[in-house]
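Asker: Need a 3D model of the sequence below.
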Amino acid sequence: MGSLGLTPSTDEKEQDLLDEFKRRALGLFGFQLGDDWELLAIAQHHGLPTRLIDWSTNPLVALWFAVSGAGDETQHAVVWVYEADDDSIANMQDVKISPFSIDKTRVYYPNHIAPRIVAQNSVFTVHKHITLHDWFYKFESNARENVELHKVKIYHDFCKDIMKSLDKYGINEATLFPDLDGISRYVEWKQRI
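Answerer: The predicted model follows:
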């Protein structure tokens, strides 16, 4: 509960979510969980809201996620390209402290602890929480950091054809989600096209 009986802050809510996720999922991991950095990465990959943004070092994987999520004809897909400088990459010293205590946004390359992380060539930005305002630090808006973000817009009309082309290169639901759910969604998609 927040101080003075106020509602819990976003930071506290996130910690509560992670604690509950860890308590319920610990027996399902299939590996020894190392630290909160790894816990955040696994939780993010399985849909829990966290301070992480999921990226891929493989542009075809990023393209697949963009076009597979394209909605109706009025929505276009977008691929964001983030050029991280060496200063923003979390080093061994950074990962020794809690991801909840970082002083600026960091790029975190997780250990290959889960098949999805490996298949998707995952990397994360871990965002600092500003307690005073109860919001997460928007790294692209801070002039003190050299953040290079590029927006690549893909018109909706091309999304289905791009999905088919990516499938020919082995980028699809079954390869990016290497489990029974991913295979099921892929087989169902193949029947529709």
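
Asker: measure Leu40 to Met163 for me?
Answerer: 29 Å (Cβ to Cβ, to the nearest Å). C-betas here are computed from N, CA, C, even on glycine.

Asker: The two - which one has more neighbours?
Answerer: Taking neighbours as other Cβ atoms under 10 Å, Leu40 and Met163 compare with Leu40 leading, 23 against 19.

Asker: surely the more buried one meets Leu18?
Answerer: Yes. Leu40 lies in contact with Leu18 (Cβ atoms under 8 Å); the separation is 7.1 Å.

Asker: okay, and the common contacts of the two?
Answerer: Common contacts of Leu40 and Leu18 (Cβ atoms under 8 Å, 6 or more residues apart in numbering): Thr50.

Asker: And the longest helix seen in the chain, what's buried?
Answerer: Counting residues, the longest helix found in the chain (DSSP state H) is helix 10-25. Within helix 10-25, the residues scored as buried using 16 or more other Cβ atoms under 10 Å are 10-12, 14, 18, 21.

Asker: Out of these, which is nearest to Leu52?
Answerer: Glu14 (10.2 Å; Cβ to Cβ).

Asker: Relative to Arg23, how far out is that closest one?
Answerer: From Glu14 to Arg23 the distance is 15 Å (Cβ to Cβ).

Asker: center of this structure, which residue is that?
Answerer: Asp54 (1.9 Å; Cα atoms, centre = their mean).

Asker: Direction included, what does whatever helix or strand it lives in pair up with?
Answerer: Using DSSP states H and E, Asp54 maps to strand 52-56. Strand 52-56 has the following sheet partners, assigned by DSSP bridges: strand 122-126 (antiparallel).

Asker: okay, now Ala174: neighbour count?
Answerer: 20.

Asker: so what's it closest to, chain neighbours aside?
Answerer: Counting by Cβ to Cβ, 6 or more residues apart in numbering, Ala174 lies nearest to Tyr186, which is 3.7 Å off, once chain neighbours are set aside.

Asker: swap in Gly69?
Answerer: The nearest residue in space to Gly69 (Cβ to Cβ, 6+ apart) is Ala77, at 6.9 Å.

Asker: List the contacts of Pro110.
Answerer: 37-38, 41, 117, 122-124.

Asker: so which of the residues you listed is the most crowded?
Answerer: Ala41 (27 neighbours).

Asker: dump the residue contacts of it.
Answerer: Neighbours of Ala41 in contact, by Cβ under 8 Å, 6+ apart: 52, 108, 110, 113-114, 117, 122, 124.
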